[in-house]
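S.K.: Can you look at this prediction? I've put the sequence above it.
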Amino acid sequence: MKNKYLFIPIIISILLISSSCQQGKKEVLSQKEEANIHFNLGNEYFQLGKTDKAVEEWRRAASLVPEDVASIGNIAIVLYTNGNRKEAVELWQKVLKVKPDDAFTLNNIGNYYRDTGNYEEAVKCYKRALEVFPAYYMPHYNLGLIHYEKKEYDLAMVEFKRAIELNPQDAYSHYIIGNIHRDRRDMENARKEWQTAINIYPKFSQAKFEIANHLNSEGKVDDAIAELESIIKNDPKFASAYASLGFILLDKGDVDKAVEILTRGEKMNKEGNKRFYYLDGLGWANYKKGDYKESLKHLQEAINLTPVMETRYLAKEYYHIGMVYKETGNKTLARQSFEKALELERDKEFIADIKGILIKLT
């Protein structure tokens with residue numbers, strides 16, 4: 001989600017061929033003209049997905065014309081997307097020295113501050129971007145994200161709706177508005193917003209995933225499975241779908257198929273940041289199979305890998321590992337795990353279940 005709103009301007013420069021060239025005389029290009037050629041080649045490589053080649057051409061353009069901020073900005077975006085955030089921000093700062101009022105660069109630097117948790121500086125960048133370019137919808141979307149992450153839902157809604165006014169094709173704002181309705185337990189409007197996002201962007205896996213989870217919560221298990229299988233087929237690298245499908249299959253008692261799906265998901269995300277999804281599922285699958293040693297191994301690794309802000313997932317992981325400890329007769333560790341799950345869990349029904357288990361442990 002975050003990097004969807006980084007912006008690479010695709011600028012096509014047309015070089016006019018002089019009459020002397022038409023007459024067969026060799027044309028001598030200026031540095032600026034040569035830089036334009038490299039810049040446009042970089043754009044073409046980028047469109048083809050050859051980012052290394054694109055960066056190489058943009059660097060050549062920037063070396064010929066140091067004030068060529070378009071090339072510098074594009075290089076920064078590729079670096080940022082690849083995780084080289086510090087170098088990317090340094091390049092964006094160079095852009096601002098030449099063009100202090102570049103709204104796209106201000107928005108991108110704001111994304112850096114937001115991604116690193118510095119909301120105060122992020123807000124300054126987004127608001128400055130809007131001052132110089134009031135019709136720019138991306139800063140509104142990003143301001144909405146900050147409010148959403150801080151659970152300031154009313155303020156978030158204002159920003160997302162403003163983004164949609166400026167860009168009616170903004171599927172991502174519809175998606176987050178759907179999440180706000182979900183968090184407020186208004187599932188009817190949540191699903192409407194997710195569906196609107198999908199209507200705008202038919203390959204929107206995140207919105208489809210939320211609908212699949214909603215179908216499952218309504219007891220429409222087969223529909224949920226079909227939706228998740230469709231996501232995996234069309235977007236094989238979408239991490240969450242494997243985990244959700246695996247857990248649904250576990251609940252249905254189809255342990256072997258669940259293990260197959262979860263294992264595929266873990267392999268697809270071996271180097272990614274979502275491995276805890278699958279490890280938790282594999283741990284729970286081994287619990288159901290009675291292999292408690294293997295279950296503990298997976299669940300402990302899942303807990304170690306889960307970011308502290310992912311409280312929903314941590315709560316379930318602690319619940320699962322508590323159940324394993326309970327079955328193996330380790331009441332002390334079971335109790336500690338269930339109590340930790342209680343600290344993190346917000347769902348009232350789940351809390352009631354955990355409390356019921358704790359009473360029986362005493």
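M.R.: Thanks, I have it.

S.K.: Give me the helices and strands touching the helix or strand harbouring N108, please.
M.R.: Under the criterion of DSSP states H and E, N108 resides in helix 103-115. The elements that helix 103-115 packs onto, with contact taken as 3 or more CB pairs under 8 Å, 6 or more residues apart in numbering; DSSP states H and E, are helix 69-81, helix 85-98, helix 119-132, helix 138-149. All C-beta atoms are positioned from the backbone trio N, CA, C, and that covers glycine.

S.K.: want to throw those into a markdown table with distance to K203 and mean pLDDT?
M.R.: Shown next, in a markdown table, are these (distance: least, CB to CB, whole Å; pLDDT from 0 to 100):
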| stretch | distance to K203 | mean pLDDT |
| --- | --- | --- |
| helix 69-81 | 19 | 91 |
| helix 85-98 | 27 | 92 |
| helix 119-132 | 27 | 97 |
| helix 138-149 | 19 | 97 |
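
S.K.: Out of the ones you listed, which gets nearest to M157?
M.R.: helix 138-149 (7.7 Å; CB to CB).

S.K.: The closest one - contacts with which helices or strands?
M.R.: helix 103-115, helix 119-132, helix 153-166, helix 171-183.

S.K.: Out of those helices, the one nearest G281 is which?
M.R.: Per CB to CB, nearest to G281 of those: helix 171-183, 21.9 Å.

S.K.: Might one say that L282 is in contact with K297?
M.R.: No - using CB atoms under 8 Å, L282 is not in contact with K297, being 9.3 Å away.

S.K.: what about those two, which has more around it?
M.R.: L282 (25 against 15; other CB atoms under 10 Å).

S.K.: element containing the spatially closest residue to the more buried one that is not a sequence neighbour?
M.R.: Nearest residue to L282 in three dimensions, chain neighbours excluded: H298, at 4.6 Å (CB to CB, 6 or more residues apart in numbering). Per DSSP H and E: H298 is located in helix 292-305.

S.K.: Can you name the element that comes right after that helix?
M.R.: Toward the C-terminus from helix 292-305 - assigned by DSSP H and E - lies helix 311-327.

S.K.: Show me which residues of that following helix are buried.
M.R.: 313-326 (16 or more other CB atoms under 10 Å).

S.K.: Likewise for stretch 102-117?
M.R.: Under 16+ other CB under 10 Å, the buried positions of stretch 102-117 are 102-114.

S.K.: same deal with stretch 199-206?
M.R.: I200, Y201, F204, S205, Q206.

S.K.: For the residue nearest to L282, grab the count of nearby residues.
M.R.: Using other CB under 10 Å: H298 sits among 27 other residues.

S.K.: residue contacts, it?
M.R.: L279, D280, L282, G283, N286 (CB atoms under 8 Å, 6 or more residues apart in numbering).

S.K.: Pull the contacting residues for the second one.
M.R.: If I follow you right, that is D280. D280 touches A243, H298, L299, A302, Y313, K316, E317, H320, counting by CB under 8 Å, 6+ apart.

S.K.: Could you measure from the fourth one over to S205?
M.R.: Remark: distance between A302 and S205 (CB to CB, to the nearest Å) = 23 Å.

S.K.: what do you get for the fifth one?
M.R.: When CB to CB is applied, the distance between Y313 and S205 equals 19 Å.

S.K.: Next: the last one.
M.R.: Computed with CB to CB, the distance linking H320 and S205 is 26 Å.

S.K.: repeat for the third one
M.R.: The spacing between L299 and S205, counted by CB to CB, is 27 Å.

S.K.: Next, count neighbours for the closest residue in space to K237 that isn't next to it in sequence.
M.R.: Leaving aside its sequence neighbours, K237 sits nearest to M268 (CB to CB, 6+ apart; 6.0 Å). Using other CB under 10 Å, M268 has 17 neighbouring residues.

S.K.: my guess is M268 meets A243, correct?
M.R.: No - judged on CB under 8 Å, M268 makes no contact with A243 at a distance of 11.1 Å.

S.K.: Overlap of the contact sets of the two?
M.R.: Joint contacts of M268 and A243 (CB under 8 Å, 6+ apart) do not exist.

S.K.: pull the CA atoms of stretch 218-227 into CSV?
M.R.: The C-alpha coordinates for stretch 218-227 follow below in CSV (Å, rounded to 0.1, in the frame of the first residue of the first chain):
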residue,chain,number,x,y,z
GLU,A,218,-20.8,-15.0,8.1
GLY,A,219,-20.5,-18.7,7.8
LYS,A,220,-20.3,-18.7,4.0
VAL,A,221,-17.2,-20.9,4.2
ASP,A,222,-17.3,-22.3,0.7
ASP,A,223,-17.7,-18.8,-0.8
ALA,A,224,-14.8,-17.6,1.3
ILE,A,225,-12.6,-20.5,0.1
ALA,A,226,-13.5,-19.8,-3.5
GLU,A,227,-12.6,-16.2,-3.1
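
S.K.: list the buried ones in it?
M.R.: A224, I225, E227.
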